[in-house]
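Q: For reference, the sequence and a predicted model appear below.
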Amino acid sequence: MLCAALLAAATTAHAVGEDATPGAKPRSMQEILDASQPADWRTPDNKNLLYLDLDSGRVLIELAPAFAPAHVGNIRALAKTGYWNGMSINRSQDNFVVQWGDPAQDDKDRKPLGRGAKAKLPAEFARKAKGLAFDRLPDMDGWAPEVGFSTGFPAGRDPAADTAWMAHCYGAVGAGRDVAADSSNGTELYVVTGQSPRQLDRNITVVGRVLQGMELLSVLPRGTGPLGFYEQPAQRTPIRSIKLASEVPKKERVGIEVLRTDTPLFAELVEARRNRRDEWYKHMAGHIDLCNVPLPTRATPPKAAAEKAKPKPKSKSKAKPKAKAQGGPAKPATTSQR
């Protein structure tokens, strides 16, 4: 388990700490990423990848059906019919969120949901923890008995109550709602652009997180109205389109990989951030907050991308040829978290 790997890494870290005889120099985060192998990375499912296109560029959002299956299903349906195309980002609240959707105030003026989308969904604030893969962090958390990563997403877990939920970290994507718990349907979405508002955990359905393009959202002008809403239509940021990657031609898709959170390499990366040994640091913290753990992404390495693009060779044999792991030079890994 990752938790055991993290504890082992922490023990090793103590052995080479400030008061011990130095051994092998611990690797920096970049050195760890540079040493990663293809198996340390995963490719998001195109059915769970949204492209939010603005005039300033593209934002990539990975959806989380393991936590919010009904909302993710609705979001897929809305994206397939182009529901958000031509709408706008209507809110940018300082140190909190940006939010988009239909700006119309009256229901009669709102755009129809379109084919396959439901007007009513259940609240999906948490789910059963049993059977859910969970890569636990070793440190305590003020918002959950246990925290870590599940299916690549920051999450909390309460084993006693058999519940797990996604955490409101920087870059988290949630479904806005009214007072009623089941009043969200996925049409109004927001992204956390400020310090992690963990008090929202288990109070709003979290549907995914931003993998790439946070800089396009975090720099948007702050709204001057209540809760950061824009008071004039001209202040809003137009949305060109929101599409599922699976609905976009292959040649137009973005090749992206995400670092897996269930590997020894990720455990080493977490320890490198828990106890910073860069020359600039004079004290090691021995602790890391869930939302401060980096979740790196990178462009698909050229060789891997080329291999995926190759047409499958025809074979008379019924047996499928074994795929070989491909790797190669890639653009430096980046992270959507601070």
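A: Structure's in. What do you need? On a predicted model such as this, the values are computed, not experimentally measured, just so you know. Numbers count the residues shown, from 1 in each chain.

Q: any low-confidence regions in this structure?
A: For the chain, the stretches with pLDDT under 70 are 1-23, 304-338.

Q: 50 instead, please
A: 7-21, 315-331, 336-338 (pLDDT under 50).

Q: just the helices in it please.
A: 2-15, 29-34, 69-80, 214-218, 264-274, 302-309 (DSSP state H).

Q: nearest residue to Asp278 other than its sequence neighbours?
A: Excluding its sequence neighbours, the residue lying closest to Asp278 (CB to CB, 6 or more residues apart in numbering) is Ser28, at 6.8 Å. C-betas here are computed from N, CA, C, even on glycine.

Q: Could you do Thr300 as well?
A: Gly255 (3.3 Å).

Q: Next, work out how far apart the one you found and Trp41 are.
A: Gly255 is 12 Å from Trp41, where distance means CB to CB, to the nearest Å.

Q: related to what we said a few turns ago, now do the residue nearest to Thr300 against Ala129, distance only.
A: Gly255 is 33 Å from Ala129, by CB to CB.

Q: now do Gly208
A: Taking CB to CB as the measure, Gly208 falls 19 Å from Ala129.

Q: These two: which is more packed in?
A: Set Gly208 next to Ala129 and count neighbours by other CB atoms under 10 Å: Gly208 wins out with 28 against 20.

Q: what's across from the more buried one in the sheet?
A: Counting by DSSP bridges, Gly208 is bridged to Leu63, Val173.

Q: got the contact list for it?
A: Each residue near Gly208 by CB atoms under 8 Å, 6 or more residues apart in numbering is listed here: 48, 50, 61-64, 72, 153, 172-173.

Q: how much space is there between the residue nearest to Asp278 and Phe266?
A: 15 Å.

Q: Pick out whichever of those two has more residues nearby.
A: It is Phe266, of Ser28 and Phe266, that has more neighbours when counted by other CB under 10 Å, with 24 against 14.

Q: OK, contacts around that one?
A: When contacts are counted by CB under 8 Å, 6+ apart, Phe266 touches 2, 40, 135, 259-260.

Q: Now Cys169. Nearest residue, chain neighbours left out?
A: Nearest non-adjacent residue to Cys169, counting by CB to CB, 6+ apart: Cys291, 3.7 Å away.

Q: Count the neighbours of that neighbour for me.
A: The number of residues near Cys291, taken as other CB under 10 Å, comes to 22.

Q: can I assume it is in contact with Gly156?
A: No - contact criterion CB atoms under 8 Å: Cys291 and Gly156 do not qualify, at 10.9 Å.

Q: ok, now how distant is the residue nearest to Thr300 from Pro44?
A: Gly255 is 11 Å from Pro44, by CB to CB.

Q: swap in Met87?
A: Computed as CB to CB, the Met87 to Pro44 distance reads 24 Å.

Q: what's the answer for Thr261, then?
A: In terms of CB to CB, Thr261 sits 13 Å off from Pro44.

Q: neighbours around the nearest residue in space to Asn275 that is not next to it in sequence, how many?
A: With sequence-adjacent residues excluded and distances taken as CB to CB, 6+ apart, Asn275 is closest to Met284, at 3.9 Å. When neighbours are defined as other CB under 10 Å, Met284 has 14 of them.

Q: How about Gly131?
A: The number of residues near Gly131, taken as other CB under 10 Å, comes to 8.

Q: From here on, call the first residue 514.
A: Yep, numbering from 514; the last one is Gly644 now.

Q: what about it, distance to Lys621?
A: Distance of Gly644 to Lys621, computed by CB to CB: 44 Å.

Q: Could you measure from the residue nearest the centre of the chain over to Glu784?
A: For the chain, the residue nearest the mean C-alpha position is Arg722 (3.0 Å; CA atoms, centre = their mean). In this view, Arg722 and Glu784 are 23 Å apart by CB to CB.

Q: Kindly report the same for Thr750.
A: Distance, Thr750 to Glu784, using CB to CB: 39 Å.

Q: which of these two has more neighbours?
A: Glu784 (24 against 18).

Q: Might you report the residue contacts of Arg753?
A: Arg753 sits in contact with 566-568, 598, where contact means CB under 8 Å, 6+ apart.

Q: and those, which two are the farthest apart?
A: The two members of the contacts of Arg753 with the most space between them (CB to CB) are Asp568 and Asn598, at 13.5 Å.

Q: These two: which is more packed in?
A: Between Asp568 and Asn598, Asn598 has the larger neighbour count (other CB under 10 Å), namely 14 against 9.
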